[in-house]
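Peer 1: Okay, sequence plus prediction incoming.
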Amino acid sequence: MELLQGAGDKRQHEHTLDFLREYSFRILPLSENVGHRAAIYIEEYSLSHGLRAGDALIAATATENGLTLCTSNVKHYRSIKELKLRVFKP
């Protein structure tokens, strides 16, 4: 969702979808557990660290599925203790 939201126009939207298909990215469902964990993250980190709903859902999805989140946006994520985080610089 966040990648598609960042598209500036229909062409970028299509390029993003093509990229996701070409490299066989898995799109994980928004489960009840992910939603619950995201809500907890918002309660804990929105005021102190500026965590927003989209980032909370991303962190919760990674945590609930035992995945490492690879991001260059560490500002909102580094305080989430149970989140496995890998930082990269594009």
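Peer 2: Alright, I've got the coordinates.
Peer 1: From now on I want contacts and neighbour counts done on CA atoms only, so please keep to that.
Peer 2: Will do.
Peer 1: where's the residue nearest the centre of the chain relative to Thr68, distance?
Peer 2: What sits nearest the mean C-alpha location of the chain, by Cα atoms, centre = their mean, is Ile58, with 2.5 Å. Distance of Ile58 to Thr68, computed by Cα to Cα, to the nearest Å: 11 Å.
Peer 1: And for Gln5?
Peer 2: For Gln5, the distance to Thr68 equals 22 Å [Cα to Cα].
Peer 1: Most remote residue from the middle of this structure, which is it?
Peer 2: Arg11 (22.6 Å).
Peer 1: what's the domain layout of the chain?
Peer 2: If you go by automatic domain parsing, the domain ranges for the chain are 1-28, 31-90.
Peer 1: If you average pLDDT over each of those, which is lowest?
Peer 2: In terms of average pLDDT, domain 1-28 trails the rest of the domains of the chain, at a mean of 91.
Peer 1: That one: which residues count as buried?
Peer 2: Using 16 or more other Cα atoms under 10 Å as the test for burial, domain 1-28 gives Thr16.
Peer 1: distance between the ends of that domain?
Peer 2: Its start and end residues considered, domain 1-28 measures 11 Å (Cα to Cα).
Peer 1: Repeat that for stretch 59-76.
Peer 2: With Cα to Cα as the measure, the first residue of stretch 59-76 is 10 Å from its last.
Peer 1: Can you give me the buried ones in that stretch?
Peer 2: Using 16+ other Cα under 10 Å as the test for burial, stretch 59-76 gives 59-64, 69, 76.
Peer 1: quick one: contacts of it?
Peer 2: Stretch 59-76 is contacted from outside by 28, 30, 33-35, 37-38, 41, 49-51, 55, 77, 82-90, using Cα atoms under 8 Å, 6 or more residues apart in numbering.
Peer 1: just how off-centre is it within its chain?
Peer 2: 6 Å (Cα atoms, centre = their mean, to the nearest Å).
Peer 1: Mind jotting down where the strands sit in the protein?
Peer 2: Secondary structure of the chain (DSSP state E): strands at 68-71, 84-87.
Peer 1: Just put those in TSV and tack on distance to His15.
Peer 2: As requested, these are exported to TSV (distance: least, Cα to Cα, whole Å):
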stretch	distance to His15
strand 68-71	20
strand 84-87	24
